[in-house]
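[1] Dropping a prediction and its sequence here:
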Amino acid sequence: MELPTSVSSLLRSPNSLPPFKCFESFSSSRKINRLRMGRRGVVPSSASVKMVSNGYVRRDSYSGYSNRIYKRVDSCLVIPPPKGKKPTAIIEFLGGAFIGAVPEVTYSYLIELLANEGFLIISVPYNVTFDHAQATREIYERFNSCLDTILTSGLPDASLSASDLACLPLYSVGHSNGALLQVLKGSYFSEKIPKANAIISYNNRPATEAVPYFEQMGPLVRQVMPIVEASPAYSLAQNASDAWKGLLDMAGTMILDNDQETLVSLTNFVDQLPSVMNQVTQGISEFRPTPSENRECFKNSYNVQRTLLVKFNFDAIDETDLLEEILKPRVESIGGTLEKVSLNGNHITPCIQEPKWQVGNLYTPADAIAQGLKTLSLSETRVLSRTITNWFRGLEDLCKCHRFSLSLSLSFFHTHIMLVVPDNL
């Protein structure tokens, strides 16, 4: 089963904005600024979404979930477990290219499954770029800034104190381009890195393979731009971006406070698109570093002790097997472990969302079919979540066993010393 070209290219395309303007675009718009800060107004008591200024957002009907809560901390999204459930670990989550800018929309189902299992998720939205090294470093800094904040102040609205979070193990999950960035982060840094990586649908193809006809696009665009710019159609197209921003600006005055967070997510996604052709016209011809340079870096510098590689049986662009071949000698040399699993699904399985279907007063055959399709569409994502959860929990159990063994050893050593030391000493 092959992915539709539009979907697969969306996940692996390198086209991007200048680095990380995700949360700053449209800053000149006072209305958009107001919606980001939480514009005060009258919210109907029956609203299904509640927004607190710069705080938690609860979506009681979004995608069929209840009690959906996340918080923006700096430029990251923090998703705690359900209230009353203490987290057992912290997970840094990175999504794929383009869609990784709005993980609360594109990965909401998978993230919620993991949070419900007792993990505190910190998702780092990012804009795609050809410069993977710069992207990795900026994500590293933004994540650790967010982590430092919650380790200092806790999450009061989730009834989690700083002490509840202080000693939790840190893991990471990355999908597609986000998987590449997680492996790069584990290779560039030796401090403040996760104890374990779950790498899903890894791929790092050259730009010429990731984007068909990429080499021809740059020169062609540069040649035709003078002609295009002279065309009345260009003025119309050029104004389309402004029109879109204006539409969002106007929507900011029309959408109630309870829906503004959705508008923020929409702007974050759209912010990436206008500069796609601009990147090409600047003569960019390959990722930095190149895929071969990345592979060499992994061989020599990967520092994460435990890694789980996840691939799907219908994923034409997956390069997990190649990554396993590269990482295995390095992981063994640092005394770590590397595991690989193959699951049913395809490249977009982690992005599957729960279909909305409201059953009427009378249960009909259409309801039965819809519910059956819903179960089928979500089952592979649930298996993915369960696989990651079980693997992380296995690591926690292993650590507990090691601590228990160490405690027994120390106790035996102490008792032995007490027995052999003469009383007169």
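    Ah, there it is. Numbers count the residues shown, from 1 in each chain.
[2] List the contacts of residue 326.
    Shown in contact with residue 326 (Cβ atoms under 8 Å, 6 or more residues apart in numbering): 295, 298-299. No exception for glycine: its C-beta is placed from N, CA and C like everyone else's.
[3] Verify the stated contact: residue 88 with residue 119.
    Yes. Counting by Cβ atoms under 8 Å, residue 88 does reach residue 119; the two are 6.8 Å apart.
[4] give the contact list for residue 163.
    residue 154.
[5] In terms of helices and strands, where is it?
    According to DSSP states H and E, residue 163 maps onto helix 162-165.
[6] which parts of that helix are buried?
    In terms of neighbour count (16 or more other Cβ atoms under 10 Å), helix 162-165 has its buried residues at 164-165.
[7] can you dump the C-alpha coordinates of it into CSV?
    C-alpha atoms of helix 162-165 as CSV (Å, rounded to 0.1, in the frame of the first residue of the first chain):
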residue,chain,number,x,y,z
ALA,A,162,7.7,20.6,41.0
SER,A,163,8.5,17.7,43.4
ASP,A,164,6.1,15.4,41.5
LEU,A,165,8.1,16.0,38.3
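[8] hang on, residue 312 in a strand?
    Yes. Counting by DSSP: H, G, I helix; E, B strand; the rest coil, residue 312 is located in a strand.
[9] what bits of this protein have low per-residue confidence?
    1-69, 210-266, 268, 272-281, 283-285, 355-377, 398-425 (pLDDT under 70).
[10] ok, now with 80
    Within the chain, the stretches with pLDDT under 80 are 1-69, 207-286, 354-377, 397-425.
[11] got the end-to-end distance for stretch 328-347?
    End-to-end span of stretch 328-347 (Cα to Cα, to the nearest Å): 23 Å.
[12] repeat for stretch 124-139
    Stretch 124-139: ends 7 Å apart by Cα to Cα.
[13] I'd like the numbering to begin with 373 instead of 1 from here.
    Sure, I'll start numbering at 373, so the last one becomes stretch 496-511.
[14] what comes up buried for it?
    Within stretch 496-511, the residues that count as buried by 16+ other Cβ under 10 Å are 496-505, 507-511.
[15] Which positions in stretch 678-690 come out as buried?
    If you call a residue buried by 16+ other Cβ under 10 Å, then stretch 678-690 has these buried ones: 678-684, 687, 689-690.
[16] and of those, the nearest to residue 537?
    Set against residue 537, the nearest of those by Cβ to Cβ is residue 678 (21.2 Å).
[17] so the closest one sits right up against residue 707, yeah?
    No. Shown here, residue 678 and residue 707 do not form a contact pair, counting by Cβ under 8 Å, at 10.3 Å.
[18] Look up how far residue 757 lies from residue 512.
    According to Cβ to Cβ, to the nearest Å, residue 512 and residue 757 sit 25 Å apart.
[19] Now do the SS call for residue 665.
    helix.
[20] give me the number of residues near it?
    Neighbours of residue 665 under the rule other Cβ atoms under 10 Å: 13.
[21] What is the burial count for the residue nearest to residue 567 when sequence neighbours are not counted?
    Spatially, and ignoring its direct neighbours in sequence, residue 567 is nearest to residue 541 (5.3 Å; Cβ to Cβ, 6 or more residues apart in numbering). Using other Cβ under 10 Å, residue 541 has 15 neighbouring residues.
[22] And for residue 538?
    Counted with other Cβ under 10 Å, the neighbours of residue 538 add up to 10.
[23] was I right about it contacting residue 523?
    Yes. Residue 538 is within contact range of residue 523, at 6.1 Å (criterion: Cβ under 8 Å).
[24] Look up how far residue 683 lies from the residue lying closest to residue 533 once chain neighbours are set aside.
    Once flanking residues are discounted, residue 533 sits nearest to residue 526: 4.4 Å by Cβ to Cβ, 6+ apart. For residue 526, the distance to residue 683 equals 37 Å [Cβ to Cβ].
[25] now do residue 525
    Distance from residue 525 to residue 683, by Cβ to Cβ: 39 Å.
[26] now residue 712
    Distance of residue 712 to residue 683, computed by Cβ to Cβ: 7 Å.
[27] tell me, what's touching these two both at once?
    Residues touching both residue 712 and residue 683 (Cβ under 8 Å, 6+ apart) are residue 692.
[28] What's the first helix or strand after the helix or strand where residue 444 lies?
    Taking DSSP H and E as the criterion, residue 444 maps to strand 440-445. Following strand 440-445 in sequence order, the next helix or strand is strand 448-451 (DSSP H and E).
[29] List the strands paired with the helix or strand that that following strand is followed by, with their directions.
    The helix or strand immediately downstream of strand 448-451 is strand 461-466, counting by DSSP H and E. Applying DSSP bridges, strand 461-466 is found paired with strand 491-495 (parallel), strand 542-547 (parallel).
[30] could those go into TSV alongside distance to residue 559?
    Formatted as TSV, the strands paired with strand 461-466 follow (distance: least, Cβ to Cβ, whole Å):
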stretch	distance to residue 559
strand 491-495	20
strand 542-547	13
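[31] For those, give me TSV that also has mean neighbour count and distance to residue 761.
    Converted to TSV, these look like this (neighbours: other Cβ atoms under 10 Å; distance: least, Cβ to Cβ, whole Å):
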stretch	mean neighbour count	distance to residue 761
strand 491-495	25	8
strand 542-547	27	10
